[in-house]
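S.K.: Have a look at this prediction, sequence included:
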Amino acid sequence: MEQTSAAKESASALRTPHSAFPSNHQPPITNHHSPLPYGRHSVDADDLAAIVEVLQSDWLTTGPKVGELETAFAQATGVEHAVAVSSGTAALHAALHGLDLRPDDEVIVPAMTFAATANAVLYVGARPMFADVDHDTLLLNVEQVDRVATARTRAVIAVDYAGQPCDYDDLRSWCERSGATLVSDACHSLGGEYRGRPIGSLADLTTFSLHPVKVITSGEGGIVTTSNAAWATRLRQFRNHGIATDPRQREALGTWHYEQLELGYNYRLSDLHAALGLSQLRKLPRWITRRRQLAAQYDAFFAAHPGLRPLAVRPEVGHAYHLYVVRMIRDRWQIDRRALFNELRSAGIGVQVHYIPVHMHPYYQQRLGTHAGLCPNAESAYEEILSLPLFPAMSDEDVSRVVATVEQLWQRYGK
Ligand SMILES: Cc1ncc(COP(=O)(O)O)c(C=O)c1O
């Protein structure tokens, strides 16, 4: 597709973010602590022992540990079936595969997410339709879904951005009325709740990532949960080339015979990864509690801050705080987000930006003709957001250090 001049302009803006220091620019604030990353895995002796146990066993690839992880995960998320795959991206691909979408079918995806959410729609040959997000929470809602829905809408992917659950009752009613499937991309929200119900049990299919910066990790890994037994069977088949049985089932039956029933992939999770994931899952309640404590400390500081505000959190949710995102109030600063990002990084505060709205990536602009102005809330948020360090092993002193550095920069650059 021919790239429009607006597309070229916004694509090049993505590649060359400018810095807007005021002319009286001073040297960066430095400190002598080691840098704090925005997110970090925690691995302890239990995790190591769990991995070693698998290394000494008969199964390294998909075997009993994957089964144990699936059972424990289904229990933790209050759903009947959990199917483990090799990544969160594979989980999205596998979930959408089961919907048997056709080339004209459309899947609604929020603009404020990681590219994998929309990419998975293209993997199954359907069309991602980018919906804007709520200004205050950066979550997809029914109002935005309505704006982009057509008679060809077959599914909606709700992304629990930063770990805050979407309004699942609303989205579910919308999907039921429209005959669409509700998929939850819960790669950020494992351990979260919505109206007291655990994430994993609220959509037709829910996908999780076990990547190291996520709430728990298996190194790399992903899980799909569903209460639909037929989908669960299909997911297991899809992760193993489309073959109906796995090697352990054939071993138990004493047969070599297998049949490939559809085209699948090698999206298997190994037992080594599963053992780590299982060991980490046991720590989930503790880590969510700690994430919430750290977020409350940030909240206490930012609640009345004149230059930065945290994203709004709705009262009916239990936030999983994969990320703690603050938003610059632009006209209160002499510098822009890029400059504040650089200053914080120079001071050893490992901030990050989540995310460049997906429709702004050159690939999507060229392939689908998306352009700046399509999702104004996501686009203006992108200019203003920063994810601050947040991970369970952070100390209260680490939070104080982040907050003190922010305050120093505010004193220097605030208006
Ligand atoms: C919202 C969202 N969806 C999907 C993914 C893909 O997960 P993975 O990296 O495990 O493939 C991620 C990972 O960053 C994500 O943040």
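M.R.: Happy to help now that I have it.

S.K.: Most proximal residue of this structure with respect to the ligand?
M.R.: Residue nearest to the ligand within the chain: G88 (2.5 Å; CB to the nearest ligand atom). Any C-beta I mention is one placed from the backbone N, CA and C, and that applies to glycine too.

S.K.: OK, contacts around that residue?
M.R.: Neighbour list for G88: 116, 185, 187, 207-211, 214, 222 [criterion: CB atoms under 8 Å, 6 or more residues apart in numbering].

S.K.: cutoff 10 Å now
M.R.: Counting by CB atoms under 10 Å, 6 or more residues apart in numbering, G88 makes contact with 114, 116-117, 120, 185-188, 207-211, 214, 220-224.

S.K.: how near is it to G254?
M.R.: 36 Å (CB to CB, to the nearest Å).

S.K.: Equivalent analysis for R309, please.
M.R.: 64 Å.

S.K.: What is the three-state secondary structure of P103?
M.R.: Following DSSP: H, G, I helix; E, B strand; the rest coil, the label given to P103 is coil.

S.K.: can I assume it is in contact with A126?
M.R.: Yes: between P103 and A126 there is a contact under CB atoms under 10 Å: 7.0 Å.

S.K.: more neighbours, these two?
M.R.: Taking neighbours as other CB atoms under 10 Å, P103 and A126 compare with A126 leading, 21 against 8.

S.K.: returning to what we had before: just the buried members of the contacts of G88?
M.R.: Taking 16 or more other CB atoms under 10 Å as the criterion, what is buried in the contacts of G88 is 114, 116-117, 120, 185-188, 207-211, 214, 220-224.

S.K.: Which members of those residues occur in helices, if any?
M.R.: Residues from the buried ones among the contacts of G88 lying in helices, with DSSP state H as the criterion: 116-117, 120.

S.K.: What confidence value was assigned to the residue lying closest to M394 once chain neighbours are set aside?
M.R.: Nearest-residue entry for M394: L294, 5.8 Å, with adjacent residues in sequence omitted and distances by CB to CB, 6 or more residues apart in numbering. Looking at L294, its pLDDT stands at 98.

S.K.: The stretch 101-250 of the chain: strands as residue ranges?
M.R.: 106-110, 127-131, 153-159, 181-185, 193-194, 197-198, 205-209, 222-226 (DSSP state E, counting those that start in this stretch).

S.K.: Now do the fourth one: which elements does it pack against?
M.R.: In this structure, strand 181-185 packs against helix 88-97, strand 106-110, helix 115-123, strand 153-159, helix 168-178, strand 205-209, strand 222-226, with contacts taken as 3 or more CB pairs under 10 Å, 6 or more residues apart in numbering; DSSP states H and E.

S.K.: Paired strands for that strand, with orientation please.
M.R.: Strand pairing for strand 181-185, using DSSP bridges, gives strand 153-159 (parallel), strand 205-209 (parallel).

S.K.: ok, R345 touching V351?
M.R.: Yes: the pair R345 and V351 qualifies as a contact (CB under 10 Å) at a distance of 6.5 Å.

S.K.: Which one's more surrounded, the two?
M.R.: Per other CB under 10 Å, whichever of R345 and V351 has more neighbours is V351, with 23 against 14.

S.K.: Was I right to think that one contacts L340?
M.R.: Yes: counting by CB under 10 Å, V351 does reach L340; the two are 8.2 Å apart.

S.K.: Spit out the residues that contact those two alike.
M.R.: In contact with both V351 and L340: 326, 386, 406, using CB under 10 Å, 6+ apart.

S.K.: how about TSV for the residues you listed, with neighbour count and secondary structure added?
M.R.: Formatted as TSV, these follow (neighbours: other CB atoms under 10 Å; DSSP: H, G, I helix; E, B strand; the rest coil):
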residue	neighbour count	secondary structure
V326	22	strand
L386	22	strand
V406	25	helix
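
S.K.: next structured bit after the host helix or strand of R291?
M.R.: Assessed by DSSP states H and E, R291 sits inside helix 284-302. Downstream of helix 284-302, the next assigned helix or strand under DSSP H and E is strand 308-310.

S.K.: how far does that following strand sit from the chain's center?
M.R.: 21 Å (CA atoms, centre = their mean, to the nearest Å).

S.K.: helices or strands next to it in the packing?
M.R.: Short answer (3+ CB pairs under 10 Å, 6+ apart): strand 308-310 packs on helix 284-302, strand 324-328, strand 385-388, helix 396-413.

S.K.: hmm, who's touching it?
M.R.: Here strand 308-310 makes contact (CB under 10 Å, 6+ apart) with 136, 162, 295, 298-299, 301-303, 324-329, 332-333, 340, 384, 386, 388, 406, 409-410, 414.

S.K.: How about stretch 344-353, which residues are buried there?
M.R.: Buried residues in stretch 344-353, counting neighbours by 16+ other CB under 10 Å, are found at 344, 347-353.

S.K.: wait, stretch 178-186
M.R.: Buried, per 16+ other CB under 10 Å, within stretch 178-186: 178, 180-186.

S.K.: so P37 sits right up against V402, yeah?
M.R.: No: proximity of P37 to V402 does not meet the contact threshold set by CB under 10 Å, at 11.6 Å.

S.K.: which of these two has more neighbours?
M.R.: Shown here are P37 and V402; by other CB under 10 Å, V402 has more neighbours (26 against 16).

S.K.: Stretch 262-273 close to the ligand?
M.R.: No: Stretch 262-273 does not reach the ligand (CB under 6 Å from any ligand atom); its nearest approach is 10.5 Å.

S.K.: taking the mean pLDDT, what do you get for that stretch?
M.R.: The average pLDDT within stretch 262-273 is 98.

S.K.: can you list the residues that contact stretch 395-408?
M.R.: 29-31, 33, 36, 293-298, 300-302, 305, 307-308, 324, 326, 340, 343-344, 346-351, 386, 388-391, 394, 414.
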